[in-house]
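Colleague: Return atomic coordinates for the entry below.
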Amino acid sequence: EMCIRDSYYFNISPNLDVTYTLRSLWKRGVMHEGELRYRNSYSENLFAATFLPSDKGYDERKQVTPTTDSDFDKKDRWATHFSHKGKAGRLSSSILYASVSDTDYLDDLGGFTNTNSSFSNAMDYSKEPALLRKGNVSYRTKSWISTLELQSFQEIGQIKRNQYEILPRLTVAGSKSFGLVKTSALLQATLFDNPSDKKPEGSRIVADIRADVPFRSSWGHITPGLRYIHRSYSLDNESAGARDNATINTALASLDMGLTFERHTSIWNKSFHQTLEPRLYYLYAEEEFQDDLPTFDSLIITPSFESLFRQNRYVGYDRIGNANQIALGITTRYLDETTGAQLLEISAGQIFFMTDRSVNDSDFLGNNPLDKTSPVFINLTTRVKRLSLRASYERDTENSSSNRGSIALRYISDNQAIFNFSYSMVDDLQQRTLRNREETDLSFLWPLGQSNAWSLVGRWNYGWEEGQTIESLFGVEYNDCCWRTRVVFRRHLK
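Modeller: Predicted coordinates:
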């Protein structure tokens with residue numbers, strides 16, 4: 001696809017501006033895009049909208065056969081976005097709302113071209129199953145915060161996910177120290193609703209109490225901790241044999257210990273400050289039967305080096321994983337002796353299980369809950385002048401296989417040329433999204449001339465498993481202070 005874009009900026013007042021953009025889309029028509037930003041002493045607000053009248057390239061019919069009439073009704077297509085952040089004294093508020101005319105909008109037309117918001121990155125959003133809509137109001141004091149929130153969504157994926165609306169949720173959380181003992185507590189009541197009449201829904205009440213005693217020194221740290229989680233459910237539309245009402249109490253205990261060793265070293269006649277940081281984390285969590293309860297907002301996390309030291313392998317409160325395990329990790333860092341900047345960090349770690357994991361996600365095959373060890377996780381991060389590199393690798397030692405790996409390289413030159421390259425791979429049994437198992441992504445912005453007003457832009461995203469280009473983009477951009485023009489050719493898979 002070819003796109004020609006021309007933007008006009010209007011600075012109406014110091015706290016109000018408007019941007020209007022015309023986008024000429026090849027074989028589709030002319031799209032109008034507007035963005036309004038308003039700021040005052042207690043809030044920041046942004047509204048953006050697009051409108052493409054009578055899209056000449058969009059056929060909303062689900063199936064077209066040789067006998068189907070070649071003519072189709074041209075459909076108006078649009079997108080809207082509103083975001084708000086506010087703060088007045090102890091009160092704060094936020095709103096995020098997004099809506100599109102049809103499920104193919106982001107794949108075909110992308111997101112907003114100027115809006116600096118979580119909705120503006122269409123390449124990420126087009127792979128999500130839904131657009132999130134949420135709002136909250138919070139009241140904060142020195143030691144506690146209360147929040148009332150609402151959350152809904154618009155499905156934009158072909159595969160319907162198990163998503164719940166929060167209508168509403170009230171959370172009260174706080175923390176207080178008693179000498180060396182750090183305590184925190186959370187009380188939360190949520191009403192979950194599902195658009196489908198066949199899905200379970202209802203209310204959940206959570207009380208989460210925690211106490212830790214951190215001892216920290218220059219040589220390391222020791223932090224014993226206790227935690228108690230109470231959950232109470234009142235459910236509708238449950239399947240036969242499942243509980244309509246349930247109360248679950250789970251106790252957890254942890255011990256986090258780490259040491260820090262330091263030394264001065266040199267590589268290629270350059271002096272560095274090196275650290276070696278071994279860490280041991282013991283975790284015990286009671287085993288409680290939860291398989292018949294719905295997963296309103298819980299997901300098993302993608303394992304990583306950081307997840308070795310978590311108290312729960314799930315996010316949310318619907319699943320608390322049982323555990324009796326020890327995690328061992330080690331990290332080394334190289335710091336510039338003059339500036340103290342971190343130049344290199346390498347971490348590796350693994351969990352050793354002393355009991356089987358009986359609380360599991362039946363929709364995810366993942367790692368065997370009977371394994372005695374977790375995969376080995378290795379992370380590497382380095383930054384040298386204008387070049388940065390991040391890499392991660394997960395090795396299943398039980399089956400001698402590679403679960404996942406990634407590498408990301410970024411370079412920024414003196415004249416602000418940007419080059420990005422990334423590679424990622426995921427084993428079949430570890431795949432949790434619709435992304436390719438193995439893909440590369442290459443993108444760049446290359447200024448032309450001394451003024452840097454003209455630039456070449458490009459991207460090539462390739463899926464190696466299918467052997468095809470996921471997205472390619474190439475064009476030229478002119479950016480001079482108050483206006484910008486870009487001509488881009490783009491091809492992508494739907």
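Colleague: Residues in a beta bridge with residue 261, which ones?
Modeller: Note on residue 261: beta-bridge partners residue 276, judged by DSSP bridges.
Colleague: Actually, residue 92.
Modeller: Beta-bridge partners, per DSSP bridges, of residue 92: residue 87, residue 138.
Colleague: Residue 169 too?
Modeller: Beta-bridge partners for residue 169, by DSSP bridges, are residue 149, residue 190.
Colleague: Now for it: which residues touch it?
Modeller: Going by C-beta atoms under 8 Å, 6 or more residues apart in numbering, residue 169 touches 147, 148, 149, 150, 151, 188, 189, 190, 191. Backbone N, C-alpha and C define where each C-beta goes, glycine included.
Colleague: Could I get those in JSON lines, plus columns for neighbour count, pLDDT and distance to residue 413?
Modeller: Shown next, in JSON lines, are these (neighbours: other C-beta atoms under 10 Å; pLDDT from 0 to 100; distance: C-beta to C-beta, whole Å):
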{"residue": "147", "neighbour count": "17", "pLDDT": "97", "distance to residue 413": "44"}
{"residue": "148", "neighbour count": "14", "pLDDT": "98", "distance to residue 413": "48"}
{"residue": "149", "neighbour count": "17", "pLDDT": "97", "distance to residue 413": "44"}
{"residue": "150", "neighbour count": "15", "pLDDT": "96", "distance to residue 413": "46"}
{"residue": "151", "neighbour count": "20", "pLDDT": "94", "distance to residue 413": "42"}
{"residue": "188", "neighbour count": "17", "pLDDT": "98", "distance to residue 413": "49"}
{"residue": "189", "neighbour count": "14", "pLDDT": "98", "distance to residue 413": "53"}
{"residue": "190", "neighbour count": "21", "pLDDT": "97", "distance to residue 413": "49"}
{"residue": "191", "neighbour count": "17", "pLDDT": "97", "distance to residue 413": "53"}
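Colleague: okay if I get those residues as CSV plus distance to residue 312?
Modeller: Below are those laid out as CSV (distance: C-beta to C-beta, whole Å):
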residue, distance to residue 312
147, 21
148, 25
149, 21
150, 25
151, 21
188, 15
189, 20
190, 17
191, 23
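Colleague: What is the nearest of those to residue 252?
Modeller: Proximity of the contacts of residue 169 to residue 252 (C-beta to C-beta) peaks at residue 188, which lies at 17.2 Å.
Colleague: Which of the helices or strands spans the closest one?
Modeller: strand 181-193 (DSSP states H and E).
Colleague: hmm, who's touching that strand?
Modeller: The contact list for strand 181-193 (C-beta under 8 Å, 6+ apart) reads 164-177, 201-214, 294, 296-297, 317.
Colleague: Show me the shaky parts of the stretch 201-350 of the chain.
Modeller: Within the stretch 201-350 of the chain, no range satisfies pLDDT under 70.
Colleague: Now do the helices for it: every range, in order, please.
Modeller: Applying DSSP state H, counting those that start in this stretch to the stretch 201-350 of the chain gives no helices.
Colleague: all strands in it, in order from the N-terminus.
Modeller: For the stretch 201-350 of the chain, strands defined by DSSP state E, counting those that start in this stretch occupy the ranges 201-212, 215-217, 220-236, 245-259, 261-267, 270-285, 299-300, 314-315, 323-336, 342-353.
Colleague: Out of those, the one nearest residue 428 is which?
Modeller: With C-beta to C-beta as the criterion, residue 428 lies closest to strand 299-300 of the strands of the stretch 201-350 of the chain, at 16.8 Å.
Colleague: Could you check stretch 77-95 and say which residues are buried?
Modeller: Neighbour-count burial for stretch 77-95 flags 77, 78, 79, 80, 81, 82, 83, 84, 92, 93, 94, 95 (criterion: 16 or more other C-beta atoms under 10 Å).
Colleague: Surely the last one touches residue 47?
Modeller: No: in terms of C-beta atoms under 8 Å, residue 95 does not count as a neighbour of residue 47; the distance is 10.8 Å.
Colleague: any common contacting residues for those two?
Modeller: With C-beta under 8 Å, 6+ apart, residue 95 and residue 47 have common neighbours residue 82.
Colleague: before we move on, the earlier item: need the strands of the stretch 201-350 of the chain in CSV with mean neighbour count, can you?
Modeller: Conversion of the strands of the stretch 201-350 of the chain to CSV gives the following (neighbours: other C-beta atoms under 10 Å):
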stretch, mean neighbour count
strand 201-212, 17
strand 215-217, 10
strand 220-236, 16
strand 245-259, 16
strand 261-267, 11
strand 270-285, 17
strand 299-300, 18
strand 314-315, 16
strand 323-336, 18
strand 342-353, 18
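Colleague: how about these in TSV, adding distance to residue 370?
Modeller: TSV is the format used below for the strands of the stretch 201-350 of the chain (distance: least, C-beta to C-beta, whole Å):
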stretch	distance to residue 370
strand 201-212	29
strand 215-217	36
strand 220-236	25
strand 245-259	22
strand 261-267	36
strand 270-285	17
strand 299-300	17
strand 314-315	19
strand 323-336	13
strand 342-353	9
